[in-house]
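K.L.:
model the structure of this input:
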Amino acid sequence: RGVTHLQRHVTQVALNERGDIDHLQLDGGETLAADFFVDCSGFASLMIGKALQTPFIGFGVNLFNDAAVAMPTPLAGPLESQTVSTALRHGWAWKIPLTQRQGNGYVYSSAHCSADQAETELRSHLGLLDADIPARHLKMRVGRMSKVWNRNCVAIGLSQGFIEPLEATALLFVQVTASMLVEVLEKGDLGAAAQEQFNAAMHKRFDNTRDYIVAHYKTNSRTDTDYWR
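P.N.:
Numbers count the residues shown, from 1 in each chain. Modelled structure (predicted):
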């Protein structure tokens with residue numbers, strides 16, 4: 001269908017005199033020029049964030065969790081059919097049955113506990129305080145870009161924003177944004193009005209999803225730590 005797939009690393013994003021993205025500098029000295037770009041570079045936000053300097057709107061005042069520690073364990077017993085989320089002292093733990101392993105992790109607020117404290121609490125929760133199982137620590141940037149579509153670039157996935165994974169909404173945002181972009185491209189109008197309408201729809205979806213996640217915390221009955229209070 002006229003699509004060429006190049007496996008390359010982007011080393012630099014070059015702008016033209018108007019401030020739009022002109023081309024990508026790739027490893028090996030290649031360049032890739034285009035009229036329109038889709039930024040799927042994850043939290044790095046190489047195009048929409050670093051190159052175009054699109055402001056980021058953080059949700060930290062609404063959603064405190066900004067870090068996670070993950071620790072997979074071997075499967076034990078029959079494969080369960082659901083993910084379990086459990087409230088811990090400074091956030092919540094996930095338990096996800098996968099085909100080859102049990103996914104475990106703790107999403108927490110770094111303002112309320114350290115990474116070491118979070119890992120110790122997760123190990124205790126799993127009954128693995130003395131087990132020699134490595135843990136992986138992650139930082140999360142929770143919020144959204146002030147413009148998901150800025151100039152000649154649309155961000156899809158983590159480059160556009162992220163809401164903590166309590167309801168696993170990240171894949172939904174990928175699918176919805178991709179579908180919306182297809183509709184715009186099929187109409188053939190990439191003007192200012194189309195861009196404004198696109199951004200307004202995405203911002204409403206992000207903000208509504210944020211409020212939906214906030215409701216989980218607002219309606220909780222736990223008061224044993226500063227985090228929950």
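K.L.:
what pLDDT does the residue lying closest to residue 117 once chain neighbours are set aside get?
P.N.:
Spatial nearest neighbour of residue 117, excluding adjacent residues (C-beta to C-beta, 6 or more residues apart in numbering): residue 90 at 7.9 Å. The way it works is simple: take the backbone N, C-alpha and C, and place the C-beta from them, glycine included. pLDDT recorded at residue 90 is 97.
K.L.:
residue 90 and residue 227 touch, don't they?
P.N.:
Yes: with contact defined as C-beta atoms under 8 Å, residue 90 reaches residue 227; the gap is 4.4 Å.
K.L.:
between these two, point out the one with more neighbours.
P.N.:
Shown here are residue 90 and residue 227; by other C-beta atoms under 10 Å, residue 90 has more neighbours (24 against 19).
K.L.:
which residues does that one contact?
P.N.:
Contact analysis of residue 90 by C-beta atoms under 8 Å, 6 or more residues apart in numbering lists 108-109, 112-113, 117-118, 121, 225, 227.
K.L.:
with residue 227 instead?
P.N.:
Applying C-beta under 8 Å, 6+ apart to residue 227 gives the contacts 64, 89-91, 109, 112-113.
K.L.:
spatially nearest residue to residue 214, not counting backbone neighbours?
P.N.:
Leaving aside its chain neighbours, residue 214 sits nearest to residue 62 (5.3 Å; criterion: C-beta to C-beta, 6+ apart).
K.L.:
that neighbour and residue 151, how far apart?
P.N.:
With distances taken as C-beta to C-beta, to the nearest Å, residue 62 is found 28 Å from residue 151.
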